[in-house]
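# Sequence and predicted model, in that order:
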Amino acid sequence: MSRLAITNIGALVSGDLGAGVLDADSVICENGIISRIGHGLDTSNAHVVVDAKGTTVIPGLIDSHCHVVLGDYTPRQKTIGFLDSYVHGGITSVISPGEIHAPGRPKDATGVKALAVAVRACFLNFRPTGMKVHGGAIIIEPTLSEEDFKELAEQGVWLAKYGMGSFSDPYDGEPQILWAQKYGIKVMCHSGGASIPGVKPVTADHLIKLRPDVCGHVNGGPTALTDAGVERLVRDTKMYLQVVQAGNLRKTLDIIQLAMDFDQLNRVIIGSDTPTGTGVIPLGVIKTVCEISSLTGLLPEKSLALATGNNARAYNLRCGVIAEGREADLVVLDAPWGSEARDALGAITRGDIPGISAVIIDGKVRTLRSRNTPAATRMAQVSPAMEWLSENH
């Protein structure tokens with residue numbers, strides 16, 4: 001049995017929108033699962049102890065819109081190692097919105113299914129820097145029948161993307177979306193203007209008719225829906241509403257305000273929508289958290305919940321929330337050097353990206369000082385020392 005303990009925590013952010021900051025300063029993890037949370041817990045049996053030095057611990061961030069293909073490579077930006085770099089941005093899990101950037105992506109039913117099954121299988125066996133990559137999202141095409149979705153579900157495919165297929169009218173994919181959902185496959189739908197040549201805009205009217213599980217990049221990917229359309233989605237639907245770093249910032253702020261006005265923050269989730277034409281952005285998720293908190297006044301622990309617990313609930317993940325029995329994916333962070341803030345939550349409130357000093361996935365320390373964030377004012381200390389994790393920083 002492997003045991004990891006985190007001690008001397010200044011603020012323990014639950015990731016649960018309603019729970020906020022927990023009254024605890026210690027966390028014990030056993031075999032990759034959080035086993036105890038409390039004050040001054042006994043760490044004598046721990047194999048690894050992380051001394052947080054009075055800093056903040058949050059759940060690992062979940063990027064609910066990350067364009068993986070195969071391996072740790074993005075053909076859109078011709079970049080190797082971007083997923084490893086995202087871990088240094090505090091992202092411990094990513095959700096694929098379909099491997100749409102695969103060169104020569106097939107459109108026939110056999111090829112579409114093969115791509116999803118292969119990508120899912122590869123990422124079950126490949127975890128860059130420990131990251132959990134939920135890949136193999138079926139790209140819904142007119143060529144797919146109900147039997148195809150049944151077959152995919154039987155092979156473990158549980159994600160789908162609509163809006164990138166070869167439909168002449170976005171309304172035409174309603175049967176395929178219903179078939180996917182019938183077999184337990186969660187459907188994210190493109191929204192807003194066209195993001196790549198050959199893709200048609202998807203409006204609020206389309207989304208209300210199609211009823212996907214998740215409205216992808218409701219703030220634009222990168223072109224946002226109309227103001228009236230966004231309000232209808234917040235007010236009149238039950239789907240999850242995703243805001244992304246690669247979208248329209250003004251519209252992000254409008255959506256957060258609408259969600260607060262209509263008491264619908266529980267439906268808002270955060271993703272990066274990268275790597276795409278916007279590029280590779282390792283700090284895309286935490287940057288969005290900072291923008292939301294600093295520009296709308298939403299408490300930092302609630303902004304963090306949109307990128308952790310809300311994403312976990314939307315996709316039925318066991319990570320994303322710091323609670324006993326949940327997966328031990330955790331990030332230790334503090335105010336960056338030079339900030340007026342005294343801690344990570346204060347930094348987020350100001351719009352300053354916190355400094356990450358440790359990322360833990362499945363109860364194992366995967367990185368120490370981040371190579372992408374500013375340096376944390378107070379750095380976590382790990383015992384026994386793991387010098388190799390800091391050699392390249």
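Looks like it arrived, so ask away. Numbering: from 1, shown residues only.
# Which stretches in the stretch 151-300 of the chain count as strands?
For the stretch 151-300 of the chain, the strands defined by DSSP state E, counting those that start in this stretch occupy 159-162, 186-189, 214-215, 240-244, 268-271.
# Let me have these in JSON lines, adding mean neighbour count as columns.
Glycine gets a C-beta too; all of them are placed from N, C-alpha and C. As requested, those are arranged in JSON lines below (neighbours: other Cβ atoms under 10 Å):
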{"stretch": "strand 159-162", "mean neighbour count": "26"}
{"stretch": "strand 186-189", "mean neighbour count": "25"}
{"stretch": "strand 214-215", "mean neighbour count": "28"}
{"stretch": "strand 240-244", "mean neighbour count": "28"}
{"stretch": "strand 268-271", "mean neighbour count": "29"}
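# Select, out of these, the one closest to residue 390.
strand 268-271 (28.6 Å; Cβ to Cβ).
# thinking again about what came up before, among the strands of the stretch 151-300 of the chain, which is nearest residue 178?
strand 186-189 (9.2 Å).
# Quick one: closest of the strands of the stretch 151-300 of the chain to residue 305.
Using Cβ to Cβ, the nearest of the strands of the stretch 151-300 of the chain to residue 305 is strand 268-271, at 9.3 Å.
# which residues touch the closest one?
The contact list for strand 268-271 (Cβ atoms under 8 Å, 6 or more residues apart in numbering) reads 63-66, 95, 97, 214, 216-217, 240-245, 255-256, 259, 285, 288-289, 292, 306-307, 310-311, 314.
# for the protein, what are the low-confidence residue spans?
Scanning the chain for pLDDT under 70 picks out 194-199, 391-393.
# let's go with 80 and repeat that
1, 193-200, 390-393 (pLDDT under 80).
# what residue of it is the furthest out?
Residue farthest from the centre of the chain, counting by Cα atoms, centre = their mean, is residue 44 at 33.9 Å.
# Can you get me the start-to-end distance on stretch 99-106?
Terminal residues of stretch 99-106 lie 11 Å apart, using Cα to Cα, to the nearest Å.
# what's that stretch in contact with?
Contacts of stretch 99-106 (Cβ under 8 Å, 6+ apart): 67-70, 74-76, 112, 114-116, 119, 135-137, 139, 161, 164, 196, 276.
# With stretch 50-57 instead?
4-13, 27, 322, 330-334, 343-345, 354, 357-358, 360, 365, 376, 378-383.
# do the same with stretch 160-167
Stretch 160-167 is contacted from outside by 97-98, 100, 107, 137-142, 170, 173, 176-177, 180, 185-191, 196, 198-200, 202, 210, 212, 216, using Cβ under 8 Å, 6+ apart.
# Any idea what residue 34 is bridged to?
Counting by DSSP bridges, residue 34 forms beta bridges with residue 29.
# Am I right that it is in contact with residue 323?
Yes: here residue 34 reaches residue 323: they are 6.6 Å apart, a contact under Cβ atoms under 8 Å.
# Give me the more crowded residue out of these two.
Counted by other Cβ atoms under 10 Å, residue 34 and residue 323 do not tie: residue 34 has more neighbours, with 24 against 16.
# so who does that one touch?
Contacts for residue 34 (Cβ under 8 Å, 6+ apart) come out as 27-28, 322-328.
# Could you pull up the residues touching the residue farthest from the centre of the chain?
By Cβ under 8 Å, 6+ apart, no residues touch residue 44.
# which residues does residue 63 bridge with?
Applying DSSP bridges, one finds that residue 63 bridges with residue 94.
# Can you give me every residue that contacts the closest residue in space to residue 315 that isn't next to it in sequence?
Leaving aside its sequence neighbours, residue 315 sits nearest to residue 95 (Cβ to Cβ, 6 or more residues apart in numbering; 6.0 Å). Residue 95 makes contact with 62-66, 134, 137, 159, 271, 311, 315, according to Cβ under 8 Å, 6+ apart.
# Now render the residues you listed as JSON lines, adding distance to residue 91.
Formatted as JSON lines, the contacts of residue 95 follow (distance: Cβ to Cβ, whole Å):
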{"residue": "62", "distance to residue 91": "7"}
{"residue": "63", "distance to residue 91": "5"}
{"residue": "64", "distance to residue 91": "10"}
{"residue": "65", "distance to residue 91": "11"}
{"residue": "66", "distance to residue 91": "8"}
{"residue": "134", "distance to residue 91": "12"}
{"residue": "137", "distance to residue 91": "17"}
{"residue": "159", "distance to residue 91": "17"}
{"residue": "271", "distance to residue 91": "10"}
{"residue": "311", "distance to residue 91": "11"}
{"residue": "315", "distance to residue 91": "14"}
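# could you check the distance from the residue nearest in space to the middle of the chain over to residue 311?
Central residue of the chain (Cα atoms, centre = their mean): residue 63, 1.9 Å from the mean position. Residue 63 sits at a distance of 8 Å from residue 311 (criterion: Cβ to Cβ, to the nearest Å).
# before we move on, back to that, could you dump the strands of the stretch 151-300 of the chain to JSON lines with distance to residue 130?
Converted to JSON lines, these look like this (distance: least, Cβ to Cβ, whole Å):
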{"stretch": "strand 159-162", "distance to residue 130": "21"}
{"stretch": "strand 186-189", "distance to residue 130": "24"}
{"stretch": "strand 214-215", "distance to residue 130": "25"}
{"stretch": "strand 240-244", "distance to residue 130": "24"}
{"stretch": "strand 268-271", "distance to residue 130": "20"}
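# Backbone dihedrals for the closest residue to residue 342 other than its chain neighbours, please?
The shortest distance from residue 342 to any non-neighbouring residue, by Cβ to Cβ, 6+ apart, is to residue 335 (6.2 Å). Main-chain dihedrals, residue 335, degrees, to the nearest 10: phi -60, psi 140.
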